[in-house]
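Structure for the following, please:
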Amino acid sequence: MHPDHQEVIGSLQELCTKTIRDIETQLANQQAADEAEEKKMEDDRKRIDEMARLAAEREAKEKADALKRMLEEEENVKAVERELAIKRQALRDAQKAAEMPLDDEDQDEDEDDVASVSTVEDQVSRL
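Residues are numbered from 1 along each chain as shown. This is a model prediction of the structure:
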């Protein structure tokens, strides 16, 4: 082989070797960057999933709390309605008792009560 050819072949080999090293370095850098990006994306996905899970838990808790409050309020309303029904019945009973004719003994007792009340009222008015 001619020395010039050997020099050209040597230069070409050197250029190819350098190019291969540069490409391999770039490839390794790109793979590292891709892996880092993939890890970041996976971390982001995990974070988003965790946020979604927490939001769903919070929403479920809020719904459960709201339902609990509504049930408690419903029980309170029912209790108030029962109290009102009892008071209405007591009022009806009192009104019926007031409309009922009294026998002689009850009238005597009531007259005594009225007399004692009026006596007390007289005493209070004198003060």
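
Run the chain-centre distance for the helix or strand containing Ala28.
In the assignment (DSSP states H and E), Ala28 maps to helix 3-99. In this view, helix 3-99 has its centroid 16 Å away from the chain centroid, taken as Cα atoms, centre = their mean, to the nearest Å.

Please apply the same query to stretch 2-9.
On Cα atoms, centre = their mean, the centre of stretch 2-9 falls 82 Å from that of its chain.

Low-confidence stretches in this structure?
Within the chain, the segments meeting pLDDT under 70 span 101-127.

Spatially central residue for it, please.
Ranked by distance to the mean C-alpha position of the chain (Cα atoms, centre = their mean), the top residue is Glu62 at 1.5 Å.

Now do the same contact list for that one.
If a contact means Cβ atoms under 8 Å, 6 or more residues apart in numbering, then Glu62 has no contacts. All C-beta spots, glycine's among them, are computed from the backbone N, C-alpha and C.

Distance check, it against Glu72.
Glu62 sits 15 Å away from Glu72 when distances are taken as Cβ to Cβ, to the nearest Å.

again with Lys46
Lys46 sits 38 Å away from Glu72, going by Cβ to Cβ.

One more: Leu27?
Distance of Leu27 to Glu72, given as Cβ to Cβ: 66 Å.

same question, Val80
In this view, Val80 and Glu72 are 13 Å apart by Cβ to Cβ.

same question, Asp43
For Asp43, the distance to Glu72 - Cβ to Cβ - is 43 Å.

And for Ser11?
For Ser11 relative to Glu72 (Cβ to Cβ), the value is 90 Å.

okay, now Leu84: neighbour count?
Leu84 has 10 neighbours, counted by other Cβ atoms under 10 Å.

Then Met41?
10.

Ok, Leu91 next?
Leu91: 10 neighbours (other Cβ under 10 Å).

Glu75 versus that one, what's the distance?
Leu91 is 25 Å from Glu75, where distance means Cβ to Cβ.

Tell me which residues touch Ala36, please.
Applying Cβ under 8 Å, 6+ apart, no residues contact Ala36.

That one and Asp22, how far apart?
The value you get for Ala36 to Asp22, if Cβ to Cβ is used, is 21 Å.
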